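> got a sequence here, can you model it:
(chains A, B, C and D)
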There are 2 protein chains.
Amino acid sequence: MTELIGQGDAARTLALLWGKVATPKRGPRHSIGSDEVIAAAVRVADRQGLPAVTMRAVGNELGRTAMSLYTYVLSREVMVDLMYDSVHAEFAGPRNVKDWRKAIANWCTRLRDLYLAHPWLLEVSSARPVLGPKEQEVLESLLRVLAKAGLPLEDRPAATSALFSVVRGAAKQASEARAAVTEEDAEWWAERAQALAVAAPDFAERFPESTAMATQQRKGGPQPWIRAADQAFTGAVALIVDGLAQRVEAATE
Amino acid sequence: MTELIGQGDAARTLALLWGKVATPKRGPRHSIGSDEVIAAAVRVADRQGLPAVTMRAVGNELGRTAMSLYTYVLSREVMVDLMYDSVHAEFAGPRNVKDWRKAIANWCTRLRDLYLAHPWLLEVSSARPVLGPKEQEVLESLLRVLAKAGLPLEDRPAATSALFSVVRGAAKQASEARAAVTEEDAEWWAERAQALAVAAPDFAERFPESTAMATQQRKGGPQPWIRAADQAFTGAVALIVDGLAQRVEAATE
DNA sequence: AAGAAACTCCTTACGATGTATAGTGTTCCC
DNA sequence: GGGAACACTATACATCGTAAGGAGTTTCTT
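Numbering: from 1, shown residues only, chains lettered A, B, ... in the order given. As a prediction, the model looks like this:
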């Protein structure tokens, strides 16, 4: 039975997200701000992944105890939300605004690069939306392109939904592929592949289409995983852009 | 009956996934099988979500201790992998195979419904692929449709990547929307919305396009969230299908 | 037939986690 | 200058996955 943990959560969190925190009048000065806490947490996440972001680890990163963080961030969950929005500041809006097709492709690539720079972003449970300004700006920048392209209002939810999904999906796949290149993990993959061959000797007959696609993808020269993931990504984006072009044409006729 | 119960995690897990476990010769009979363990874990996950799937909870579901599960599943992580593949058995391949466009839409809907029936599927970290036969069959069934449609081999990775991403993304959004209808959570959302209005009074001016889309979506009658999410989903799928149709035409000319 | 071996399942225990609680010391308002 | 508000620390607790070891059960070997 999940109880509503503290009624003030939402207001407090949103205030932090939108930079509307009133500084207290009395008591010792904050030697740091919540920004520093978030930055430290992001550093830990970038280095060691999201599970390593424990209150103790972040406190240690700041030369402080775990409990002192609660002065700034109310709970770990909230801290992760703040981290999430925070790194979206690194996102730079799309270029090539003249050609909207290129602008969309550019938006997708930049967002994917953000996810690749901070893979833990994709582990943040979006069971409940964060609603921060920096992530909002990412969405807004896409909508600006779609508006200028002349895409009807009613088509935009589908478009944004599709593009966000594809970028996130591709980023996930790409970061897996990237991890596979690590020496340690390469071994893991090899072992896994062999174990699969033993466990499922009839794989090729049972899943002919999957096998065909896999062998096709393996022809990509060195580091085929990464290249394949990359091509799947650009291909998927192109697919959606083509679909959007049809909608735009239909609307402007 | 292949013998190899490999020493490694991977081999053991894959053996379980592909049903190639050798039953031990000595010792007391298993009063249950690993299937029952997985089924019990799935029951817990369906009722209370993935975080509630603790070894103790699953053990309790079976009238057993937590530690006894290690006879069957080596670790919690492996157990979740097995759960993941297991429920993909519920997936029924697409109908309407004659019209490949409808078949794809059907495949997407069915997969989304699976995710909605077991929302915890979307929380399973796909940092490392599961490689089970039941999930593989889901992919294979899509590839069969694409093959029959005449989509060139080199376009299939992009197509599958895009469709999987869209279905997962939409399912995530939909399950959030569904959660919002719950009475408890409705309150949470209302509180959240009000807090946002306070924290970001300039939202509309700052994000005009986002606001326009939101108001547009709100015109959807009762339960606008769900309907909006649903339309975004079908729209996104249609978008991709249109893109695929172009590729198919280009190839068959 | 009987001991050894293999196996299931249990009890206990450990380190790690998020955070409640209580206390110490600092800073500012009246 | 006293008291309220606050930052920060130390300690403690429930819960988690699971390591370790033991008791009881079944089968193989002899």
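> need the contact list for the nearest residue to A:Ala89 once chain neighbours are set aside.
Of all residues not flanking A:Ala89 in the chain, A:Lys134 sits nearest, at 4.9 Å (C-beta to C-beta, 6 or more residues apart in numbering or on different chains). To be clear about C-beta, it is placed using only N, CA and C from the backbone, and glycine gets the same treatment. Neighbouring residues of A:Lys134 by C-beta atoms under 8 Å, 6 or more residues apart in numbering or on different chains: A:85-86, A:88-89, A:91.
> same question, A:Ser210
Counted by C-beta under 8 Å, 6+ apart, A:Ser210 has contacts B:136, B:139-140, B:143.
> and with 6 Å instead?
Applying C-beta atoms under 6 Å, 6 or more residues apart in numbering or on different chains, we find A:Ser210 in contact with B:139-140.
> what about A:Val21, is that helix, strand or coil?
Going by DSSP: H, G, I helix; E, B strand; the rest coil, the secondary structure assigned to A:Val21 is coil.
> my guess is it meets A:Ala15, correct?
Yes: assessed by C-beta atoms under 6 Å, A:Val21 is found in contact with A:Ala15 at 5.4 Å.
> any low-confidence regions in the stretch 151-253 of chain A?
Across the stretch 151-253 of chain A, the ranges flagged by pLDDT under 70 are A:179-186, A:220-225.
> follow-up on the earlier one: which one of A:Val21 and A:Ala15 has more residues nearby?
Comparing A:Val21 with A:Ala15 by other C-beta atoms under 10 Å in any protein chain shown, the one with more neighbours is A:Ala15, at 17 against 14.
> can you tell me which helix or strand the more buried one belongs to?
A:Ala15 is part of helix A:9-17, with elements assigned from DSSP states H and E.
> got the angle for whatever helix or strand comes next after that helix vs helix A:9-17?
Following helix A:9-17 in sequence order, the next helix or strand is helix A:34-48 (DSSP H and E). Counting by axes from the mean of the first three to the mean of the last three C-alpha atoms, to 10 degrees, helix A:34-48 lies at 90 degrees to helix A:9-17.
> just the CA coordinates of helix A:34-48, formatted as PDB?
Listed in PDB are the C-alpha atoms of helix A:34-48, where the atom choice follows Å, rounded to 0.1, in the frame of the first residue of the first chain:
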ATOM      1  CA  SER A  34      21.100  22.200  -3.900                       C
ATOM      2  CA  ASP A  35      22.800  22.700  -7.200                       C
ATOM      3  CA  GLU A  36      26.100  21.400  -5.800                       C
ATOM      4  CA  VAL A  37      24.300  18.300  -4.400                       C
ATOM      5  CA  ILE A  38      22.700  17.600  -7.800                       C
ATOM      6  CA  ALA A  39      26.000  18.200  -9.600                       C
ATOM      7  CA  ALA A  40      27.800  15.800  -7.200                       C
ATOM      8  CA  ALA A  41      25.100  13.200  -7.700                       C
ATOM      9  CA  VAL A  42      25.300  13.500 -11.500                       C
ATOM     10  CA  ARG A  43      29.100  13.100 -11.200                       C
ATOM     11  CA  VAL A  44      28.600   9.800  -9.300                       C
ATOM     12  CA  ALA A  45      26.000   8.600 -11.800                       C
ATOM     13  CA  ASP A  46      28.200   9.400 -14.800                       C
ATOM     14  CA  ARG A  47      31.100   7.500 -13.200                       C
ATOM     15  CA  GLN A  48      29.300   4.500 -11.700                       C
END
